[in-house]
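**Student:** Got a sequence here, can you build the structure:
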Amino acid sequence: MGRATATPRGTAAPWLLPGVAGLVGAAVLVGAGPLVVDGLATVTGLVFLAYAARHTAFAVAAVRGAPVDLAQPVLDAASPPSVTVVAACRDEIGVVDDLIAACDRLEHPAGLLRTVVVDDGSVDGTGERLDQLAATRPSLTVVHRTGGAGGKAGALNAALPSVTGEVVVVFDADHRPAPDTVTRLVRHLADPGVAVAQGRCRIGNADASVIARVVAVDYLAGYLVNEYGRQALAGLPACGGSNYAIRADDLRRVGGWNPGSVTEDTDLTLRLLLAGRRIRYDVTAVDTEEAVTTLPRFWTQRYRWARGHQQVCRDHRRAVLRAPHLSTLERLEALAFLFSYHVPVLSVLGFGLLALWATGAVTPAPALAVPVLWTLLFLGPLVELGAGLAVAGSARRAVVTVLAFVPLYLVSALVSTKAWVDGVCGRPYTWVKTGRAADPVVTP
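**Tutor:** Numbering: from 1, shown residues only. Okay, here's the model as predicted:
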């Protein structure tokens, strides 16, 4: 099969915003403004309630099961498969040595493990440094590409011709896998129905800034609770973009990574699901990555995540609704996952409704509307954050970090809203690399 391409369906809907604005304006003109506000509040509250119930179910599953799973020892596979580790690097001179050193420490039979790193048009010396490292490592292959088309997905696709393993394991440039990570991941592929085994990512620089600390707690919720809960309750964890193993045959069968998607991991998750293949999550297969440390880098990273995830939703939601092999529970969970980056957009709407009520512009119909909406707005995320801290056995002082989550959640909601507006308007966007702590700070 040829390379995966972006699905053209749903790429933009420029009529949507003026259409909604026109309907709201017409309602105000006929004196139905308060009715519209109450209706929007009801719909928004019901969505928040549904997602809060989902988050709570994930939290209960994680608190009950994750501590037991975390204590499980690694079991050596009877016949370990051949593995090719793949990583894409663009201007990663500050982290590439640590990445290769971590790959050197991976516990997998030497004759069955190779590493392919793509220098994606770096201009900071990354390519030259990779060549130096490869000169003393026969198992390391460096692929140089120019142009950068397709972003990370394009770079990963450039590695495919050099892949010789039965299994491809992907790490981002700033990730540091534990020595037993590959062993823990590939054991799941003994099940012929499993195409991908996803590991757990944790933050290694949480003390670098307040934002990094919040991101670290967010990752506890994301990997110890959300991913774990999706597997425990629906059997549908997601591919997280790094620290995952995928059968090379499955990867080639679906056409590789989609260069038309800025979140190639989410796109791959949906294409595998629609092809009837499964993803398994291993909470014990751990690697460490770097969190963003500044608000501009947080905005850039989360904008890419939101923009890409929302596009994947537009590309694949209809196919999920029609997929005959999905059960009702699987279909509902897949849709909830697809629309998860639309919920922050509703959060901005929720804040707007609360502002209207607070200023007296509109009086809420039910007396309890304001406190109920406030509660539902934050309930789901806070439940997951609390469960993540509990499962991780975090110190009590870490709870203070949750306070900083609230303003950062508002930033995330604004980011997601901008991404949604840009997406439905069809504004062009291409993959943007997340800045590293070691990168120079550019000042105007």
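**Student:** Could I get the phi/psi values of the closest residue to R297 other than its chain neighbours?
**Tutor:** Leaving aside its chain neighbours, R297 sits nearest to G435 (4.7 Å; criterion: Cβ to Cβ, 6 or more residues apart in numbering). Bear in mind the C-beta positions are built from the backbone N, C-alpha and C, glycine included. Backbone torsions of G435, given as degrees, to the nearest 10, read phi -70, psi 150.
**Student:** got it, and E264?
**Tutor:** With angles defined as degrees, to the nearest 10, E264 sits at phi -60, psi -20.
**Student:** What distance do you get for it to A101?
**Tutor:** 26 Å (Cβ to Cβ, to the nearest Å).
**Student:** Listing request: residues of the stretch 301-444 of the chain with sub-threshold pLDDT.
**Tutor:** 357, 361-372, 374, 438-444 (pLDDT under 70).
**Student:** the strands in it, which residues?
**Tutor:** Under the criterion DSSP state E, counting those that start in this stretch, the stretch 301-444 of the chain contains no strands.
**Student:** all helices in it, in order from the N-terminus.
**Tutor:** All helices of the stretch 301-444 of the chain, identified by DSSP state H, counting those that start in this stretch, fall at 328-338, 343-358, 369-392, 399-424.
**Student:** out of the ones you listed, nearest to E107?
**Tutor:** helix 369-392 (24.1 Å; Cβ to Cβ).
**Student:** Have a look at E264 and A101 and say which one is more surrounded.
**Tutor:** Neighbour count, other Cβ atoms under 10 Å: between E264 and A101, E264 has more, with 28 against 11.
**Student:** need the contact list for that one.
**Tutor:** E264 sits next to G151, K152, A153, L156, G241, W257, N258, G308 when contact means Cβ atoms under 8 Å, 6 or more residues apart in numbering.
**Student:** and the gap between it and V170?
**Tutor:** 10 Å.
**Student:** Quickly list what's touching both of these two.
**Tutor:** By Cβ under 8 Å, 6+ apart, the residues touching both E264 and V170 are L156, G241.
**Student:** coming back round to it: if any of the contacts of E264 are buried, put those into a PyMOL selection.
**Tutor:** Command for PyMOL that selects the buried part of the contacts of E264, burial taken from 16 or more other Cβ atoms under 10 Å:
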select buried, resi 151+152+153+156+241+257+258+308
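**Student:** Now do the buried residues in stretch 112-123.
**Tutor:** Result for stretch 112-123 [16+ other Cβ under 10 Å]: buried residues L112, L113, R114, T115, V116, V117, V118, D119, D120, G121, S122.
**Student:** What of stretch 273-284?
**Tutor:** Neighbour-count burial for stretch 273-284 flags L273, L274, R277, R278, I279, R280, Y281, D282, V283, T284 (criterion: 16+ other Cβ under 10 Å).
**Student:** Then stretch 341-358?
**Tutor:** 341-351, 353-354, 356-357.
**Student:** Show me the residue at the heart of this structure, geometrically.
**Tutor:** The residue lying closest to the centre of the chain (Cα atoms, centre = their mean) is G240, at 5.2 Å.
**Student:** What mean pLDDT does the helix or strand harbouring R252 get?
**Tutor:** For R252, the enclosing helix or strand under DSSP states H and E is helix 248-253. For helix 248-253, the mean per-residue pLDDT is 96.
**Student:** so what secondary structure elements neighbour that helix?
**Tutor:** For helix 248-253, the packing partners by 3 or more Cβ pairs under 8 Å, 6 or more residues apart in numbering; DSSP states H and E come out as strand 167-170.
**Student:** Give the partner strands of the strand it packs on in its sheet and their orientations.
**Tutor:** Next to strand 167-170 in the sheet, as set by DSSP bridges, lie strand 83-89 (parallel), strand 244-247 (antiparallel).
**Student:** Pull the residues that contact the longest one.
**Tutor:** Judged by Cβ under 8 Å, 6+ apart, the contacts made with strand 83-89 from elsewhere in the structure are 96, 99, 103, 106, 108, 112-120, 122, 126, 130, 152, 155-156, 159, 162-173, 182, 186, 245, 248.
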